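K.L.:
coordinates only, sequence not included:
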Ligand SMILES: C[S@@+](CC[C@H](N)C(=O)[O-])C[C@H]1O[C@@H](n2cnc3c(N)ncnc32)[C@H](O)[C@@H]1O
């Protein structure tokens with residue numbers, strides 16, 4: 001238990017399953033720690049065959065929060081409005097609210113306030129990305145964003161919704177982060193893509209290659225289904241792919257605050273030729289890497305310059321984690337782990353490019369030899 005980091009969330013009480021089943025849900029997963037680090041996730045409670053239904057939750061236990069394209073802070077305003085306008089409905093969702101992470105245990109771009117944590121990224125673009133999103137959350141709470149006032153938090157105070165005055169900035173940040181990291185995107189009856197809260201399904205972790213489920217919506221009933229895409233054994237972790245962009249650690253860190261140690265690791269999105277977090281990174285690195293000798297050499301030089309330009313090396317980061325790991329707060333720890341993993345992926349990409357360069361060289365030298373031979377003749 002002591003080894004469980006602060007960001008690892010407690011197993012929800014039986015109330016969650018009792019509530020869901022009373023509402024007509026089918027549940028064949030259970031929530032608990034899924035690795036040695038204590039990461040919370042879901043595991044199958046029985047053997048399930050590929051193609052079979054694992055869970056079904058009815059529309060009545062889900063929440064359509066708002067348009068899918070809205071930032072977390074604006075969705076948070078909509079959720080608070082609903083909760084404060086309808087306290088009876090809000091109270092009936094208590095088993096669900098309790099299953100969500102506690103205050104202070106979340107992190108994401110919406111609430112990346114500490115400049116020291118941004119600095120640890122060792123990248124100005126990522127730091128700025130986090131800062132801009134965080135400022136937006138603060139502005140939406142304070143009523144300072146360039147938005148229709150009805151979409152900002154002070155509107156709830158102006159509407160005199162009971163309890164609105166009790167909502168602190170800490171509560172608001174927590175909700176904004178939850179809206180960005182614990183919601184799904186599905187169309188409502190009118191065909192508008194919404195951010196949807198799906199109890200229990202939102203406790204399933206991400207996996208890209210190797211994920212064993214997908215989540216679908218039954219358009220007729222509005223219920224949601226979790227379907228196995230592989231045979232799953234009882235006790236095995238249940239995962240689904242949130243988004244292929246999460247296979248890039250800078251994307252997953254900034255948006256969801258997790259990183260993966262893939263083998264081989266993929267380059268960060270910002271280290272690909274597009275150099276941004278704008279999404280659509282569905283291809284493995286090899287599709288981005290050039291084949292032509294001159295271009296390979298140029299890219300090697302660029303990636304080497306990047307790798308040597310960091311204020312700390314991969315080994316130094318490793319040492320910081322090994323020596324000071326226990327003293328670091330969990331956010332710093334994860335950011336340092338991220339930048340170390342970024343450096344590993346750069347180093348390995350350079351090694352792969354050098355292998356490729358050798359092949360490009362031998363092709364070139366045999367052509368050169370052949371043409372030189374011709375000249376002699
Ligand atoms: C929708 S929740 C999933 C459930 C979450 N683990 C929990 O216990 O509440 C999304 C969050 O889970 C964590 N997460 C999801 N997939 C992960 C993964 N593959 N590795 C590490 N953490 C992951 C991240 O903190 C992410 O922001």
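P.N.:
Right, received. Where do you want to start? Small disclaimer: the values here were computed from a predicted structure and weren't measured.
K.L.:
what mean pLDDT would you report for stretch 105-119?
P.N.:
Per-residue pLDDT over stretch 105-119 has a mean of 97.
K.L.:
how about that stretch, does it get close to the ligand?
P.N.:
No. Stretch 105-119 lies out of reach of the ligand by Cβ under 6 Å from any ligand atom, never closer than 6.6 Å. To be clear about C-beta, it is placed using only N, CA and C from the backbone, and glycine gets the same treatment.
K.L.:
OK, contacts around the closest residue to the ligand within the stretch 51-200 of the chain?
P.N.:
Of all residues in the stretch 51-200 of the chain, residue 181 sits closest to the ligand, at 4.2 Å by Cβ to the nearest ligand atom. By Cβ atoms under 8 Å, 6 or more residues apart in numbering, the contact set of residue 181 is 72, 106, 108, 255, 256, 257.
K.L.:
relative to residue 153, which of those is nearest.
P.N.:
residue 72 (12.6 Å; Cβ to Cβ).
K.L.:
OK, contacts around that closest one?
P.N.:
108, 110, 137, 175, 176, 177, 178, 179, 180, 181.
K.L.:
now, the most widely separated pair of those residues?
P.N.:
Going by Cβ to Cβ, the pair spanning the contacts of residue 72 furthest: 137 and 181, at 13.0 Å.
K.L.:
tally up the residues packed near residue 327, please.
P.N.:
8 (other Cβ atoms under 10 Å).
K.L.:
with the one 5 residues further on instead?
P.N.:
Around residue 332 there are 18 other residues, counting by other Cβ under 10 Å.
K.L.:
in a strand, that's where residue 355 is, yeah?
P.N.:
No. Using DSSP: H, G, I helix; E, B strand; the rest coil, the assignment for residue 355 is helix, not a strand.
K.L.:
rewinding a little: just send the contacts of residue 72 back as TSV, with secondary structure too.
P.N.:
Formatted as TSV, these follow (three-state DSSP):
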residue	secondary structure
108	coil
110	helix
137	helix
175	helix
176	helix
177	helix
178	helix
179	helix
180	helix
181	helix
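K.L.:
for residue 243, see how far away the residue of the stretch 51-200 of the chain closest to the ligand is.
P.N.:
As judged by Cβ to Cβ, to the nearest Å, residue 181 and residue 243 stand 12 Å apart.
K.L.:
which other helices and strands contact the helix or strand harbouring residue 194?
P.N.:
Applying DSSP states H and E as the criterion places residue 194 in strand 193-197. Here strand 193-197 touches strand 63-67, strand 184-187, going by 3 or more Cβ pairs under 8 Å, 6 or more residues apart in numbering; DSSP states H and E.
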